[in-house]
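Visitor: Need the 3D shape of this:
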Amino acid sequence: MATAHEIIGEEWRARAPELADWAMDTLVNRKDVWGQYSVLTPTERKTSERSYKAMTLPAKSQRGGDKVTLDKLTRHFASRHFRKPQIIGLHAKSEAITSRWFGIDIDCHDTEATDAEDLGRRNLNACVNWYQKLQGMGLDPLLFDSNGAGGYHLWVMFSEPVPTGDVFAFVQDLISDWEQQHLEKLPETFPKAVKEDSIGSWFRLPGLHHTREHYSTVWAGDDGLDDPWLKGHAAIEAMLSCVPSPFPAGIAKAKPAKRKTIKKTANNTEPNDAEPGDPVQPESKRSFKRTGRAKVCVDLDGVLATRTKGASIGPPVDGAIEFTRTLALHSDIIIYTARFSTTTGKERTQSAIDALTKRIGNWLDKHGIEYHSIHSAGSKPIASAYVDDRAVSCTPLEDGVAAFDKALIAVDKLCK
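Guide: Okay, here's the model as predicted:
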């Protein structure tokens with residue numbers, strides 16, 4: 001029989017694609033960096049008081065090659081074990097030195113201390129007081145029980161990016177009465193003080209805690225309830241329905257920080273093969289027009305899905321969801337795959353083709369990948385373009401004989 005923790009974990013996993021879209025739309029300030037937790041090795045534990053390390057990824061020398069994607073966000077929200085390195089956080093300011101949100105972190109790390117229970121109670125009282133104050137300003141805060149042991153996170157999202165200096169000044173003013181709230185120390189805030197040449201700090205996303213078997217719960221806003229904390233689906237609904245608010249009018253603004261020139265770059269799991277009972281994205285997700293447009297064939301394995309041995313479909317390739325959503329704005333996407341070539345001869349029955357088509361469709365829908373149709377015929381579909389990790393472009397009519405030499409080099413690389 002599943003435990004309460006396992007049931008809650010399954011609810012977060014089922015809603016992970018929705019939460020990933022929500023986080024991308026409301027919380028991502030920059031995509032080129034993110035925070036991530038990693039479990040320490042036995043050797044590392046000998047010199048550390050903690051069992052984990054917090055990292056900023058990717059390394060400075062490798063930035064630009066990897067990004068925050070819907071897949072990474074989905075893996076985070078779908079996490080069911082904190083020892084796997086997929087629990088992440090997002091940076092609190094953009095390259096333009098603006099922020100779409102702020103967060104307050106009130107810690108209670110030493111859960112074994114004699115006064116831990118009293119500290120947790122004071123932490124909650126302070127958070128609820130600030131929560132109510134923010135509501136009085138017309139904001140829609142989210143208060144999370146972040147670790148189930150007296151630690152809390154308070155988030156506020158803005159409808160438009162706000163200069164980070166203004167956000168920092170606002171949140172520092174909000175918590176300036178921390179001593180009157182009987183807290184032991186000034187809470188940590190995100191963003192921190194603005195440093196133009198720094199990428200700033202990152203704040204862990206709601207979901208599974210990085211060291212404890214605890215999923216974030218959300219304050220219902222009424223401490224008169226028997227249990228004022230929303231869990232699982234109820235907590236997720238509260239998050240998804242939270243309304244990003246305009247920055248409060250009349251707030252004293254900090255001196256504008258010098259803006260950086262941003263170079264435009266291309267943008268952004270464990271969830272595996274779709275199984276019966278997995279949530280399917282509603283058809284309304286695919287709202288793009290489908291008439292009088294270019295048709296683009298996109299290969300499944302190696303382009304959208306990680307290649308695996310056997311019949312299972314691997315997890316989405318990082319960036320695949322964003323790729324199809326952008327492509328779908330101007331083209332109809334036809335999914336094609338060599339998997340249908342295995343249903344040949346006696347095995348190529350209509351029932352086998354239909355079953356494979358349904359399984360691929362379930363996988364695409366589960367992960368929120370845009371498409372118009374799945375090509376199940378043995379022949380290659382007619383299209384304006386083909387996206388395939390095993391394809392070699394050869395355009396001698398445009399580039400002359402040299403195109404054949406380039407094609408031979410490309411073929412040699414693929415065949416090695």
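Visitor: switch to C-alpha atoms for all contacts and neighbour counts from now on
Guide: Will do.
Visitor: Show the subsequent helix or strand relative to the lowest-mean-pLDDT helix or strand in the chain.
Guide: Ranking every helix and strand in the chain by mean pLDDT, DSSP states H and E puts helix 42-45 at the bottom, with a mean of 66. The first helix or strand that comes after helix 42-45 along the chain, using DSSP states H and E, is strand 52-57.
Visitor: what lines up beside that next one in the sheet?
Guide: Paired neighbours of strand 52-57 in the sheet (DSSP bridges): strand 34-39 (antiparallel).
Visitor: Could you export the strand it pairs with as PDB, CA atoms only?
Guide: Output in PDB follows, covering the C-alpha atoms of strand 34-39 (Å, rounded to 0.1, in the frame of the first residue of the first chain):
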ATOM      1  CA  TRP A  34      20.400  27.700 -12.600                       C
ATOM      2  CA  GLY A  35      21.100  26.200  -9.200                       C
ATOM      3  CA  GLN A  36      21.200  22.500  -8.500                       C
ATOM      4  CA  TYR A  37      21.800  20.200  -5.600                       C
ATOM      5  CA  SER A  38      24.100  17.200  -5.600                       C
ATOM      6  CA  VAL A  39      24.700  14.500  -3.000                       C
END
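Visitor: Flag the shaky bits of the chain, pLDDT-wise.
Guide: Along the chain, the parts satisfying pLDDT under 70 run over 40-51, 83, 109-114, 250-291, 342-348.
Visitor: A14 against F77, yeah?
Guide: No: counting by CA atoms under 8 Å, A14 stays clear of F77, with 9.2 Å between them.
Visitor: give me the beta-bridge partners of W219?
Guide: Per DSSP bridges, the residues bridged to W219 are W229.
Visitor: List the buried residues in the longest helix anywhere in the chain.
Guide: Counting by DSSP state H, the longest helix found in the chain is helix 116-136. Neighbour-count burial for helix 116-136, counted by 16 or more other CA atoms under 10 Å, picks out 116, 119-120, 122-124, 126-128, 130-131, 134.
Visitor: Check stretch 64-76 too.
Guide: 66-76.
Visitor: In terms of distance to I353, which of these ranks first?
Guide: Nearest to I353 among the buried residues of stretch 64-76, counting by CA to CA, is D71 at 28.3 Å.
Visitor: element containing that closest one, please.
Guide: Going by DSSP H and E, D71 is part of helix 70-78.
Visitor: ok, then the element right after that helix?
Guide: strand 88-91.
Visitor: now do the same end-to-end measure for stretch 86-101.
Guide: Distance between the two ends of stretch 86-101: 22 Å, counting by CA to CA, to the nearest Å.
Visitor: I'd say P161 and I97 touch.
Guide: No: with contact defined as CA under 8 Å, P161 does not count as touching I97 (9.3 Å).
Visitor: more neighbours, the two?
Guide: More crowded of P161 and I97, by other CA atoms under 10 Å: I97, with 24 against 20.
Visitor: Quick check: closest non-adjacent residue to the more buried one.
Guide: Computed as CA to CA, 6 or more residues apart in numbering, the closest residue to I97 that is not its neighbour in sequence is T164, at 5.6 Å.
Visitor: List the contacts of that neighbour.
Guide: With contacts defined as CA atoms under 8 Å, 6 or more residues apart in numbering, T164 is in contact with 93, 97-99, 191, 194, 257.
Visitor: hmm, 10 Å instead?
Guide: Counting by CA atoms under 10 Å, 6 or more residues apart in numbering, T164 makes contact with 92-94, 96-102, 170, 190-194, 254, 256-257.
Visitor: Could you do G150 as well?
Guide: 106-111, 116-124.
Visitor: Can you give me the distance of it to V28?
Guide: Taking CA to CA as the measure, G150 falls 27 Å from V28.
Visitor: do V167 as well
Guide: V167 sits 16 Å away from V28, going by CA to CA.
Visitor: Please identify which of the two sits among more neighbours.
Guide: Counted by other CA under 10 Å, V167 and V28 do not tie: V167 has more neighbours, with 28 against 22.
Visitor: can you pull out the helices in this structure?
Guide: Using DSSP H, the helices of the chain run over 4-14, 16-26, 42-45, 70-78, 116-136, 164-174, 232-240, 320-327, 350-366, 396-399, 402-415.
Visitor: Understood, closing this out.
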